[in-house]
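Asks: The sequence and its predicted three-dimensional model are supplied below.
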Amino acid sequence: TRRVAISLPSSKTYSRVISLPKLTKNELEEAIKLEAEQYIPVPLEDLYIDFDQINSSGEDNEYFLVAIPKLIVDSYMDLAEILGLEVTVLETSMNASSRLVSQAEEITTPTLFVDFGSISADLTIYDKQPIVTGTVPGGGNTFTQIIANKLEVNERVATTIKSKYGLGVSKKQKEITEALKPALGSLSKEIRKMLRYYEDKTSGKEKINQIISLGGGANMPGLNDYLTADLRMATRMCHPWTHIGFGKLQPTSEAEKTMYVTVAGLALIDPKEVWK
């Protein structure tokens, strides 16, 4: 097959859950546009907008709204055409990751996902489905650069130090921790904001009780322990391959296991969802 599913970077998208009264199809589309215009700082004519109903309570329905700049989507579609591929699905990277992680970790309670990319971290509150997402500057490459500057070494050496020691016990642990504190402090601040948002949204009836980290940057030793202590909430790295068989393929190494979460999540899309 030349049919493919493609993920778009969550950092380039806008998403939120909105509540609306029960409306006709035409009324709903108009209401969604008005909501998008209110919350998204980009002209509607420059966006592709999609939405899906995720909940129904009394007289209101809840919808998960996603908007992506047309320029970004069109560039991906152009690339697929050049490669002779037929795009059947476009979704955000965190949607794809959430599909795999929620299955692998058998998540049954509200959870916060932190996906560490190279230059930023994507945050997602997951409660049966993604509820809200956000992006914080600072990822794996950022940590490497900070360590390189602090210890006055080149990036190759800094990468080795980050991968082998990170925030864990070493002769340079104190220096590395102090150097990374501003970046990690910004991350913790945004996480706390999202936790408060969810508590306010559920009127305090529901609380996030765990954080799961993923992405290449999640492999840094001591990172999950640092977040657990700083946020006073259990933080652990995901184990994505719990229910996936590799057949004759070579399984990923320990160091790389969180790097393929997005593409594995795309592979788990049910064809019936696409072709129904």
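Replies: Yes, it's here.
Asks: hey, where'd the strands end up in the stretch 1-150 of the chain?
Replies: 3-8, 14-21, 47-57, 60-69, 86-92, 111-116, 120-126, 130-137 (DSSP state E, counting those that start in this stretch).
Asks: Who does the last one pair with, and is each partner parallel or antiparallel?
Replies: The strands beside strand 130-137 in its sheet (DSSP bridges) come out as strand 120-126 (antiparallel).
Asks: what mean pLDDT would you report for the strand it pairs with?
Replies: Strand 120-126 carries an average pLDDT of 89.
Asks: now the angle from it to strand 86-92?
Replies: Orientation note: strand 120-126 sits at an angle of 80 degrees relative to strand 86-92 (axes from the mean of the first three to the mean of the last three CA atoms, to 10 degrees).
Asks: before we move on, the earlier item: generate TSV for the strands of the stretch 1-150 of the chain, with mean neighbour count and distance to Ser170 as supplementary columns.
Replies: No exception for glycine: its C-beta is placed from N, CA and C like everyone else's. Shown next, in TSV, are those (neighbours: other CB atoms under 10 Å; distance: least, CB to CB, whole Å):
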stretch	mean neighbour count	distance to Ser170
strand 3-8	17	35
strand 14-21	17	39
strand 47-57	14	45
strand 60-69	18	42
strand 86-92	17	36
strand 111-116	25	20
strand 120-126	24	23
strand 130-137	20	26
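Asks: Adding distance to Thr177, write the ones you listed out as a markdown table.
Replies: Below are those laid out as a markdown table (distance: least, CB to CB, whole Å):
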| stretch | distance to Thr177 |
| --- | --- |
| strand 3-8 | 33 |
| strand 14-21 | 33 |
| strand 47-57 | 40 |
| strand 60-69 | 37 |
| strand 86-92 | 32 |
| strand 111-116 | 17 |
| strand 120-126 | 18 |
| strand 130-137 | 19 |
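Asks: Can you list the low-confidence ranges for the stretch 101-250 of the chain?
Replies: By pLDDT under 70, the stretch 101-250 of the chain contains no weakly predicted segment.
Asks: tell me the helices in the stretch 51-200 of the chain, going along the chain?
Replies: For the stretch 51-200 of the chain, applying DSSP state H, counting those that start in this stretch gives helices covering 70-82, 93-104, 140-151, 155-164, 173-201.
Asks: Out of those, flag the one nearest Ser118.
Replies: Closest of those to Ser118 is helix 140-151, at 4.4 Å (criterion: CB to CB).
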